[in-house]
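# sequence and predicted structure, then a few things I'm wondering about:
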Amino acid sequence: MKPGRLLRLLLLLACALPMGTAQAASWSADNGNGSFTNPLFYDEFSDPDLIRVGDWFYMTGTTMHAVPGLPLLRSRDLVNWEFVSYAMPSFPDGPEYRLEGGQDLYGQGIWAPVLRHHDGRFHIFSNINGRGLHVFTATDPAGPWTHSKIDRNLHDLSVLFDDDGRVWAVFGYNEVRLVELRADLSGVVEGSERVIIPAGNGMGEGHHFYRVDGRYFIISANYAPVGRMQAARAEHLDGPWETVAISASETMGFQRGWWEDGVGQRSPIPDDGTAFSAHRPAGNALGAVPLHQGGIVQLANGDWWGFSMMDLKSIGRTTFLSPVTWHEGWPYFGLAGNLGRSPRTWRKPDVGIDMQPRAPYRRDDDFSAPRLQPVWQWNHQPHDGKWSLSDRPGRLRLHTLPATGFLTARNTLTQRVVGPESTATVTLDAAGLVPGDIAGLGLLNMPAAWLAVVQDAHGRVLRWYSQAAHRHIDVPLPSATVRLRVHGDHDQDLAQFAYSVDGGAFTPIGEPVRLPYQLKTFQGTRHALFAYNRGGVSGGHADFDDFSVVELLADRSRNIPFGQVITLANRGDGSVGHVHALGVLQPVSPDSAEARATAARFRVHDRGAGQVALEAMDGSGFLTVVGIGLSADVRLLPEHPVDSRFMWQDLLRGEFMLLSIKTHRYLGILPGSGEPYGADRPGTRPDRRDGTVLTWEGVDPGDR
């Protein structure tokens, strides 16, 4: 970790967020100007499925071992979403769902749901691993939801209610299989199952099954050898089927995160003392990061949009929105001239109404309401008699149950961490703990980390623990009440704990904790409120209050320097954009006289809906794309309403790209070549050093 970033983490924890600081805005993809910036959510929402019913869009996704499960969100514009209900309030009976008898459900549970609406009823189909296909049905999306079961596991299925009244499901990986479901959804039609797309045709899993203009389409995700989206189409269910890729290589400048090699699917829960082996993948290794696993949806006006997910470091897998362009009968993600690549920022879908920016969840909770905020989910099925919001009104009380450690503790209450950078704080009253009890704020991951009050026969101490290092630090605790805090920089997969005993300044404790992704939980890192007894008995209780989350980069209102004069530096080679005497934009050394000249200054004009025009301060004109955008096709000319417009792609932390409205490709150079700028780049690499990513710095327009 760089010393500067460590210092920043420590300063943020100690100084920037004192008690009483108002919560910053929560991430919304809506930029408030007619455009949106991906991701839709900056917390985990994986395996999305999305439909339109009238004027509303509805979406659900995977929740695995967390309950309640299968959240249903709704939106009028595909950008701003609100929570509606959970379709699955609890898991079926079984010790593995309850962390009993040494069993667990980490990374399993309910996967890859299918959301459909037919004959006035909403249906969610999803496999509960090892327990068959479960069907949740409601006439009102707010519930109640009825529940039934089909005694089959159909891996990553999708369902189609066909025009003739028959119901079909496709499922499987690589080899795509078809089976007919009974009309009452009580089971499969015996003898109907067959292979419709043999292995070796590029298809993956996580299917989305549609009928569009009389043709059948299956959109699927593949992770081998790297993430991408595949599509198949046919005139008839039994083919012949054609297949193509419809989205590939699109990472939007995100790299793979740190990866834990020692913890895999269905492996035992790692004990304290387990040897972990996290590594950082190569800077441009794609892995499963590129857009994958999603589908398409049609607006009332006939436009099509795509939805998919991307692996986003310690955040987990979350959802992205892409314009769809039909080309030669295929629904490509992306824009004409740049098919298969999706903009990070684009115009909002045209739904005829102007929605205000909003986030789907309220993340703060003072526990004064009769129920938990919907953002909370339990780690496995809770023991309902051992937690309460009424035992001490205005507090969440967790009664300690026996456990061998944090990862096996029952009644652990979680919510997803929020990126790219956020801080969670909670007040803990540990007066009700008895010897053997541990209670506090944790990061649910493998390896895990936590900051908690530990009670023994001699009193209580505050303990920081890192499972990766198998190391702890104890500090005296003068009173039973303490404020616990963790700051996460999820671009770096790092977190830092801190505490306050006086309600004022926070003191960092321990070193920054690495947050790798791994396949045992198969989820991103989660904040966790927990209490357990390590002595093998049911112990005392812990009271939690005033949980809050501050999202440090959620407010993007000043990220585009409208009206300012700026310099443009290229992250690929550090060069500065300068107007050449021939009327083209050239890169020059940042140490050169040209880099300090007026010809290297540009005023950013707001042209609405996220579009900008860049005016050279030497009077030569506006950056304008001519021809097809090849090198030297970025010229300085009088402003044109299309050719001089760029969609500003906000990559946060002062980094951005410029998407030409004319070519639908990005401004860029070949780093180190000295060539003039073009507007023909499809997008950036994960390391952002291919010549398409820029940084800006405001300057005095009179400064020479």
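Alright, I've got the coordinates.
# quick one: low-confidence parts of the stretch 1-150 of the chain?
Filtered on pLDDT under 70, the stretch 1-150 of the chain yields the residue ranges 1-24.
# contacting residues for Leu154?
127, 133, 169, 171, 179 (C-beta atoms under 8 Å, 6 or more residues apart in numbering). In this view, the C-beta of every residue, glycine as well, is placed from N, C-alpha and C.
# one more: Ile560?
604, 606, 610, 612, 648, 650, 656.
# now, which of these sits nearest Ser589?
Phe656 (21.6 Å; C-beta to C-beta).
# tell me the pLDDT at the closest one?
We have a pLDDT of 98 for Phe656.
# that one: how many residues sit nearby?
Number of residues near Phe656 (other C-beta atoms under 10 Å) recorded here: 25.
# could you dump the contacts of Leu154 to TSV with secondary structure and neighbour count?
Compiled in TSV, the contacts of Leu154 are given as follows (DSSP: H, G, I helix; E, B strand; the rest coil; neighbours: other C-beta atoms under 10 Å):
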residue	secondary structure	neighbour count
Asn127	strand	24
Leu133	strand	24
Ala169	strand	24
Phe171	strand	25
Val179	strand	19
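# just those residues now: which is nearest Asp391?
Among the contacts of Leu154, and counting by C-beta to C-beta, the member closest to Asp391 is Asn127, at 37.1 Å.
# quick one: residues contacting the spatially closest residue to Ser538 that is not a sequence neighbour.
In space, and not counting its chain neighbours, Ser538 is closest to Leu401: 5.7 Å by C-beta to C-beta, 6 or more residues apart in numbering. Counting by C-beta under 8 Å, 6+ apart, Leu401 touches 383, 386, 409-411, 532-533, 538.
# same thing with Val584?
Going by C-beta under 8 Å, 6+ apart, the list of residues near Val584 reads 632, 634-636, 676-677.
# most neighbours of all the residues you listed, which one?
Val634 (29 neighbours).
# does that residue touch Asp680 like I think?
No. With contact defined as C-beta atoms under 8 Å, Val634 does not reach Asp680; the gap is 9.7 Å.
# show me where this protein dips below the pLDDT cut-off.
Short version for the chain, where the test is pLDDT under 70: 1-24, 702-704.
# from the contacts of Leu401, pick the one nearest Gly488.
Distances from Gly488 to those, taken by C-beta to C-beta, are shortest for Ala409, at 20.9 Å.
# distance of the closest one from Ala452?
Separation of Ala409 from Ala452 (C-beta to C-beta, to the nearest Å): 11 Å.
# again with Asn411
From Asn411 over to Ala452 (counting by C-beta to C-beta), the distance is 15 Å.
# CSV please, covering the contacts of Leu401 and showing neighbour count and secondary structure.
Shown next, in CSV, are the contacts of Leu401 (neighbours: other C-beta atoms under 10 Å; DSSP: H, G, I helix; E, B strand; the rest coil):
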residue, neighbour count, secondary structure
His383, 16, coil
Lys386, 16, helix
Ala409, 27, coil
Arg410, 24, coil
Asn411, 24, coil
Tyr532, 27, strand
Asn533, 23, strand
Ser538, 16, coil
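# would you mind putting the residues you listed into JSON lines with distance to Val475 alongside?
Output for those, formatted as JSON lines (distance: C-beta to C-beta, whole Å):
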{"residue": "His383", "distance to Val475": "31"}
{"residue": "Lys386", "distance to Val475": "29"}
{"residue": "Ala409", "distance to Val475": "22"}
{"residue": "Arg410", "distance to Val475": "27"}
{"residue": "Asn411", "distance to Val475": "26"}
{"residue": "Tyr532", "distance to Val475": "21"}
{"residue": "Asn533", "distance to Val475": "22"}
{"residue": "Ser538", "distance to Val475": "28"}
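# which residues touch the closest residue to Gln467 other than its chain neighbours?
In space, and not counting its chain neighbours, Gln467 is closest to Pro447: 3.9 Å by C-beta to C-beta, 6+ apart. Residues near Pro447 by C-beta under 8 Å, 6+ apart: 260, 270, 274, 276, 278, 466-468, 514, 516.
# His578 now?
Applying C-beta under 8 Å, 6+ apart to His578 gives the contacts 585-588, 594-595, 597, 599-600.
# which one of those residues is nearest to Ala183?
Checking the contacts of His578 one by one against Ala183 (C-beta to C-beta), the nearest turns out to be Leu585, at 62.6 Å.
# chain neighbours aside, what residue packs nearest to the closest one?
Of all residues not flanking Leu585 in the chain, Tyr677 sits nearest, at 4.2 Å (C-beta to C-beta, 6+ apart).
# cool, thanks, talk later.
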